[in-house]
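Q: Generate a structure from the sequence data that follows.
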Amino acid sequence: MELSEAVRIWFGTDRSIVCVDPDGNGRRCAVDDDTHIEFRRSPDASTALAFVTYLPDLTGNATATTAAIFRLGETGWRHVRTLTEVRNPLMGKATFGNRTATFAVAVPRRGDSHCCPTGRKTYRITFP
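A: Numbers count the residues shown, from 1 in each chain. Next comes the predicted model:
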């Protein structure tokens, strides 16, 4: 399975990712024209991080970001783990080490408007 297809399936089926329909009811999320996906691959191309920025509420313009780890296997890419702690857009590159990845995301600082966080938080995750 191609990485983009694995991401679409994960994003549409993971119960920790919540979207809302125009009536305020919870619904499954889906990749559409307003969804932005960024990939960062390990140097050996066996592991990838996917960052998905999307509109969770079809009636508004607020965005949300979710991320996950994917690994390449014999049958293609598969979802390994959702990074539930990552809820903000990726800032720049990811650095891969031995079973780890380090990357920064945007976070709001005091006085920032909701649209435009200016802070930065660095994550270091370990691959299962």
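Q: I'd like the next helix or strand past the worst-scoring helix or strand of the chain on mean pLDDT.
A: Sorted by mean pLDDT, DSSP states H and E, the helices and strands of the chain end with strand 26-27, the least confident at a mean of 86. Sequence-wise, the next helix or strand downstream of strand 26-27 (DSSP states H and E) is strand 36-41.
Q: That following strand packs against which elements?
A: On a contact count with 3 or more Cβ pairs under 8 Å, 6 or more residues apart in numbering; DSSP states H and E, strand 36-41 meets helix 3-13, strand 47-54, strand 90-97. Using the backbone N, CA and C atoms, a C-beta is placed for each residue, glycine as well.
Q: What are the contacting residues of the next helix or strand after the first one?
A: It stands for helix 3-13. Next helix or strand after helix 3-13 toward the C-terminus (DSSP H and E): strand 19-20. In this structure, residues lying in contact with strand 19-20 by Cβ atoms under 8 Å, 6 or more residues apart in numbering are 26-30, 54-59.
Q: For the chain, which strand extends over the most residues?
A: strand 64-73 (DSSP state E).
Q: Please list the residues outside whichever helix or strand Thr102 is part of that contact it.
A: Thr102 is located in strand 100-107, with elements delineated by DSSP H and E. Outside strand 100-107, the residues within contact range by Cβ under 8 Å, 6+ apart are 40, 42, 47, 49, 65, 69, 86, 88-95, 117-127.
Q: Parallel or antiparallel, list what pairs with that strand.
A: Strand 100-107 has these partner strands in its sheet, going by DSSP bridges: strand 90-97 (antiparallel), strand 119-126 (antiparallel).
Q: C-alpha coordinates for it, PDB please?
A: The C-alpha coordinates for strand 100-107 follow below in PDB (Å, rounded to 0.1, in the frame of the first residue of the first chain):
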ATOM      1  CA  THR A 100      13.900   8.100  17.200                       C
ATOM      2  CA  ALA A 101      12.700  11.200  15.500                       C
ATOM      3  CA  THR A 102      12.900  14.800  16.700                       C
ATOM      4  CA  PHE A 103      10.800  17.600  15.200                       C
ATOM      5  CA  ALA A 104       9.300  20.900  16.200                       C
ATOM      6  CA  VAL A 105       5.700  22.100  16.000                       C
ATOM      7  CA  ALA A 106       4.200  25.600  16.300                       C
ATOM      8  CA  VAL A 107       2.600  26.400  19.700                       C
END
